[in-house]
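Novice: Turn this into a structure:
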Amino acid sequence: MFALLFRPALRLFARAQYPFAVATAAATYALLLVGALVHATGSSLACPDWPTCYGTFMPPMVGGIFFEHGHRLAAGTVAVLTFILMVLLLVGRRRTGPRLAALGAGAFVLVLVQAALGGITVLLRLPLLVSTAHLAVSMAFFTLVLVIAFRARPAPTAVAATTPPSAPPPGRGAPRRWALAAAAAVYLQILLGAFVRHTGSGLACGFDIPLCRGALWPAGGPAELHMAHRLLGVAVAALVIVASARAAGAARVAARPTPLLRWLAWGASLLVVAQLGLGAATVLTGIHVAVVTAHFGAGAALLAAMVSLFLLQPRPAPVAALAVAAAPASAPAPAPAPTPAPAAAAGAARLDRAAAASAPARS
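Specialist: The predicted structure is shown next:
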């Protein structure tokens, strides 16, 4: 009786998981942009205390307080959204599985860790490692919410379910691995950019592009960190373009058409080129607030694109399963000998008895 009463509610919770996960991912991306504005405007310590700001939760939203406390309010909103998403996943775990519920719980733990790191960053006056860890956890949380959104997608329709599967054969899973490698490289590049930002190395090479004060590699100091970020950015861009091309090629020959995958692949290629341009513009404009925020936002969007490319591509089919499917059909078993009809069998029996009875007379 209990199950009958609450089954519609459980079904509603399961249907709400995907749109709510998408909304949480969008809110997280907006939070990342607000966090980038906090540093770009020099407002990281506009509120010297935590979790309040000058002893209150609603200070006058002026100057740097607007950015810093606004960032805290946005973070609180994302934390509430994550908690609701976790509840939806836990309540609907019978329909969507316990793994998705575990991912929701992990996301809520990460958002709590992220909030704690944010508070420690303020209370300890922006220590380098804590500030970088704050960004690292934020990007990991963003990635996890994207994974939840993809895993919570509605099941395919009956028509789509009857189309041939598009799992690549053995050796064709490389595009998926390329996308994963590119996503990891983008994540590391974002962390290196955080070191550049928090050490004040953004203009360590002056306004020189593409060299650093006339040299490909500077003598030392913050300029080395800056040039490492530049050179790694070029390498990551090449990796993203290769991974995108492999994904687009795999989508083109897949049994089931995936236009979204092709558009996302080529969009990632264009985005990484734009990201290189924004990096150069950040230096040439003297780290303008709008330009450096766009540079950070493009990096986060590029991470989301590569994670999405990885998640959208089907996993390669197991080698053993494909070997069984590709094996030639065995020769049909020989048909069994026909069984004589009952009437014929009875006649044969009578003949045998007659022959047996006549045998003594002849003797």
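Novice: When you work out contacts or count neighbours from here on, use the C-alpha atoms and nothing else.
Specialist: Will do.
Novice: Could you report the separation of residue 86 from residue 125?
Specialist: 32 Å (Cα to Cα, to the nearest Å).
Novice: Give me the more crowded residue out of the two.
Specialist: The neighbour count for residue 86 versus residue 125, taken as other Cα atoms under 10 Å, is higher for residue 86 (23 against 14).
Novice: May I have the predicted confidence score for the closest residue to that one other than its chain neighbours?
Specialist: Once flanking residues are discounted, residue 86 sits nearest to residue 104: 4.5 Å by Cα to Cα, 6 or more residues apart in numbering. In this model, residue 104 is scored at 95, pLDDT.
Novice: Give the other helices and strands that the helix or strand harbouring residue 104 contacts.
Specialist: According to DSSP states H and E, residue 104 maps onto helix 98-123. In terms of contacts (3 or more Cα pairs under 8 Å, 6 or more residues apart in numbering; DSSP states H and E), helix 98-123 is packed against helix 64-91, helix 128-151.
Novice: Show me what the first one is packed up against.
Specialist: In other words, helix 64-91. helix 2-40, helix 98-123.
Novice: So what's the gap between that helix and the chain middle?
Specialist: Chain-centre distance of helix 64-91: 20 Å, with Cα atoms, centre = their mean, to the nearest Å.
Novice: tell me which residues in that helix are buried?
Specialist: 64-72, 74-79, 81-91 (16 or more other Cα atoms under 10 Å).
Novice: same deal with stretch 118-131?
Specialist: 118-123, 126, 130-131.
Novice: How about stretch 48-56?
Specialist: Quick answer for stretch 48-56 (16+ other Cα under 10 Å): 48, 50-51, 53.
Novice: Worst mean pLDDT across the helices and strands of this structure, which element?
Specialist: Between all helices and strands in the chain, the lowest mean by mean pLDDT, DSSP states H and E belongs to helix 158-161, at a mean of 44.
Novice: before we move on, back to that, okay but the residue nearest to residue 86 is in contact with residue 148, surely?
Specialist: Yes: in this structure residue 104 lies within contact range of residue 148 using Cα atoms under 8 Å: 7.2 Å.
Novice: which stretches of the stretch 201-350 of the chain have low pLDDT?
Specialist: 253-257, 316-350 (pLDDT under 70).
Novice: which residues of it fall in strands?
Specialist: For the stretch 201-350 of the chain, strands defined by DSSP state E, counting those that start in this stretch do not occur.
Novice: Show me where it has its helices.
Specialist: Along the stretch 201-350 of the chain, counting by DSSP state H, counting those that start in this stretch, helices occupy 222-252, 259-284, 289-312, 319-326, 342-362.
Novice: possible to save the ones you listed as a markdown table with distance to residue 194 and mean neighbour count?
Specialist: A markdown table is the format used below for the helices of the stretch 201-350 of the chain (distance: least, Cα to Cα, whole Å; neighbours: other Cα atoms under 10 Å):
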| stretch | distance to residue 194 | mean neighbour count |
| --- | --- | --- |
| helix 222-252 | 10 | 21 |
| helix 259-284 | 13 | 18 |
| helix 289-312 | 10 | 21 |
| helix 319-326 | 42 | 10 |
| helix 342-362 | 91 | 10 |
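Novice: so which of those helices gets nearest residue 37?
Specialist: Closest of the helices of the stretch 201-350 of the chain to residue 37 is helix 289-312, at 6.2 Å (criterion: Cα to Cα).
Novice: which residues sit against that closest one?
Specialist: Helix 289-312 has contacts (Cα atoms under 8 Å, 6 or more residues apart in numbering) with 29, 32-33, 36-37, 40-41, 139, 143, 146-147, 150, 176-177, 179-180, 182-183, 186-187, 190, 240, 244, 247, 261, 264-265, 268, 271-272, 275, 278-279, 281-282, 285.
Novice: Torsion angles phi and psi at residue 199?
Specialist: Phi and psi for residue 199, reported as degrees, to the nearest 10, are phi -100, psi 0.
Novice: Grab the nearest non-local neighbour of residue 205.
Specialist: That would be residue 212: by Cα to Cα, 6+ apart, it lies 4.8 Å from residue 205.
Novice: so how far is residue 287 from that neighbour?
Specialist: Residue 212 is 16 Å from residue 287, by Cα to Cα.
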